[in-house]
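dropping the sequence and predicted coords here.
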Amino acid sequence: MGEIKALRGTRDILPEEVNYWQQVETVAKEILTKAAYTEIRPPIFEQTALFERGIGEATDVVSKEMYTFVDRGDRSCTLRPEGTAGVVRAFIEHGLHAQGVQRLWYTGPMFRYERPQAGRQRQFHQIGLELIGSPSPVADVETIALATDILETLGLKHLSLQLNSVGNNEDRQRYREALVAYLTPYKDQLDSDSQYRLDRNPLRILDSKDEQTQAILENAPRLLDHLDADSQAHFEAVKRQLTALGIDYTINTNLVRGLDYYTHTAFEIQSADLGAQATVCGGGRYDGLIGQLGGNETPAMGWAIGMERLILLLKQLKPVPKPELDIYLVSRGDRATAQGLKIAQTLRHQGLRVELDLSGSQFKKQFKRADRSGAIACLIIGDEEVEQGTVNLKWMATQAQSVWQQSELIANGDQLRQQIWEAKHRE
């Protein structure tokens with residue numbers, strides 16, 4: 001039997017990298033909580049119809065990229081390729097509209113059958129936000145501002161906000177007709193994907209990376225020129241509010257995003273440090289999706305940050321230090337190790353970060369691991385300490401040692417915690 005490895009397009013997130021992920025999750029949670037967003041956790045798989053109806057059957061996601069299977073109940077199920085549809089389904093199913101405007105966020109894995117490359121996997125992860133229930137352009141700007149806050153707090157540089165309006169359904173239909181009329185004489189000169197999309201989903205041609213197709217699009221009609229008065233007013237208000245907050249933006253008339261449910265504002269936050277796959281956050285308004293999926297007509301705005309691409313950027317900035325270890329506890333012998341566990345648990349309950357060496361190896365080897373651990377102090381228990389009810393405390397920076405009674409250490413953990421705090425700040 002051959003060696004079993006992770007499937008192509010999936011990867012293990014090993015302990016040395018997890019610190020980056022935890023940093024992102026902590027920053028996002030803190031910023032979103034301050035803005036009154038609460039976490040929601042929808043299932044990882046849903047009925048296939050949810051994504052077909054919500055995302056659009058003509059999109060690449062639905063037509064080419066979904067992981068779909070039939071379960072034992074003969075139901076077609078799909079691993080979620082994005083987060084918004086599941087949140088909207090939960091909003092409808094649980095009657096959340098009765099609770100007023102909903103500010104929700106989520107995080108977790110998504111699945112698309114794409115060609116793996118740097119920052120793009122078949123199992124990938126997102127942090128997403130949905131603001132449901134407000135038609136105001138201020139809602140659009142609040143969500144964009146929060147995404148900007150998260151990325152800038154993490155220390156990202158060279159970011160640019162790409163902004164566009166895709167209007168309402170009537171705007172897009174007028175533009176679709178104009179775009180098809182313009183591109184049809186050039187059909188044979190378009191790349192193969194764009195030729196296929198011309199009849200099914202022509203707005204997606206604007207996303208083409210083919211140089212010849214992009215050259216043809218240079219003189220194509222612009223979606224912004226096909227907006228009605230209300231759509232234009234909404235977009236102008238978004239731009240004014242962004243300027244008022246000091247958030248710079250660039251109008252990108254080819255930005256339409258890859259999902260059919262978007263209306264009005266569409267945006268991406270891109271990084272110049274990511275190469276071809278430059279987008280680290282993307283989203284927009286989706287006023288028609290909730291009604292389309294069977295709920296009451298409800299305006300909404302949201303975005304998602306791609307974790308894998310974000311981690312690539314963070315790794316370029318600087319290493320994320322390992323969580324600081326307060327105490328490394330070495331012991332020798334069954335009785336000493338058992339007593340060491342009791343002390344370690346007590347100190348952990350008192351707020352200290354303690355690692356208990358369980359190797360059973362000689363003290364010399366354990367001391368070397370203590371040196372490498374980065375701990376502030378080392379506690380040492382051997383047979384003699386067990387008999388006498390003591391423990392040796394060694395400060396790693398100075399090598400100074402002292403003897404504590406185990407009962408005193410357990411009873412006065414606050415005193416040790418204060419000494420460790422002082423030692424950290426001396427360093």
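On my side now, so go ahead. Numbering: from 1, shown residues only.

all contacts plus neighbour counts: C-alpha atoms, from now on.
OK.

show me the domain layout of this protein.
Taking automatic domain parsing as the reference, the chain has its domains at 15-168+228-317, 327-426.

pull the CA atoms of stretch 272-292 into PDB?
The C-alpha coordinates for stretch 272-292 follow below in PDB (Å, rounded to 0.1, in the frame of the first residue of the first chain):
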ATOM      1  CA  ALA A 272       1.200  44.900  -4.100                       C
ATOM      2  CA  ASP A 273       3.200  42.200  -2.300                       C
ATOM      3  CA  LEU A 274       1.100  39.200  -3.500                       C
ATOM      4  CA  GLY A 275       1.900  39.100  -7.300                       C
ATOM      5  CA  ALA A 276      -0.900  37.900  -9.600                       C
ATOM      6  CA  GLN A 277      -3.200  36.700  -6.800                       C
ATOM      7  CA  ALA A 278      -3.300  40.200  -5.300                       C
ATOM      8  CA  THR A 279      -6.700  40.300  -3.600                       C
ATOM      9  CA  VAL A 280      -6.600  39.700   0.200                       C
ATOM     10  CA  CYS A 281     -10.200  40.800   0.900                       C
ATOM     11  CA  GLY A 282     -13.200  41.100  -1.300                       C
ATOM     12  CA  GLY A 283     -16.900  41.700  -1.100                       C
ATOM     13  CA  GLY A 284     -19.900  44.000  -1.800                       C
ATOM     14  CA  ARG A 285     -23.600  44.600  -1.400                       C
ATOM     15  CA  TYR A 286     -26.100  41.800  -2.100                       C
ATOM     16  CA  ASP A 287     -29.600  43.400  -1.700                       C
ATOM     17  CA  GLY A 288     -31.400  40.700  -3.700                       C
ATOM     18  CA  LEU A 289     -30.000  37.500  -2.300                       C
ATOM     19  CA  ILE A 290     -32.200  37.000   0.700                       C
ATOM     20  CA  GLY A 291     -35.400  37.500  -1.300                       C
ATOM     21  CA  GLN A 292     -34.000  35.200  -4.000                       C
END
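
quick check: buried residues in it?
Using 16 or more other CA atoms under 10 Å as the test for burial, stretch 272-292 gives 274, 278-290.

among those residues, which are in strands?
Thr279, Val280, Cys281, Gly282, Gly283, Gly284, Arg285 (DSSP state E).

which residues does the second one contact?
Pointing back at Val280 there. Going by CA atoms under 8 Å, 6 or more residues apart in numbering, Val280 touches Glu268, Ile269, Gln270, Ser271, Ile305, Gly306, Met307, Arg309, Leu310.

among those residues, name the ones in helices.
Met307, Arg309, Leu310 (DSSP state H).

per-residue confidence for the second one?
By that I understand Arg309. The model reports Arg309 with a pLDDT of 91.

that one and Asn252, how far apart?
The gap separating Arg309 from Asn252 is 21 Å, by CA to CA, to the nearest Å.

repeat that for the last one.
For Leu310, the distance to Asn252 under the criterion CA to CA works out to 22 Å.

of those two, who's got more company?
The neighbour count for Leu310 versus Asn252, taken as other CA atoms under 10 Å, is higher for Leu310 (23 against 16).

for that one, give me its contacts.
Val280.

could you check how far it is from Ala272?
In this view, Leu310 and Ala272 are 12 Å apart by CA to CA.

could you do Cys281 as well?
For Cys281 relative to Ala272 (CA to CA), the value is 13 Å.

low-confidence regions, the stretch 1-150 of the chain specifically.
Residue ranges of the stretch 1-150 of the chain with pLDDT under 70: 1, 58.

mind redoing it with 80?
Judged by pLDDT under 80, the stretch 1-150 of the chain has its weakly predicted residues at 1-2, 56-60, 118-119.

the stretch 301-427 of the chain now?
Looking at the stretch 301-427 of the chain by pLDDT under 80, you get 318-323, 410-414, 424-427.

how about the helices in the stretch 1-150 of the chain?
Under the criterion DSSP state H, counting those that start in this stretch, helices of the stretch 1-150 of the chain are mapped to 15-34, 48-55, 60, 84-93, 137-153.

just give me how far the shortest one sits from the chain centre.
The one in question is helix 60. Distance, stretch centre to chain centre, for helix 60: 22 Å (CA atoms, centre = their mean, to the nearest Å).

what of stretch 93-102?
In terms of CA atoms, centre = their mean, the centre of stretch 93-102 is found 24 Å from the chain centre.
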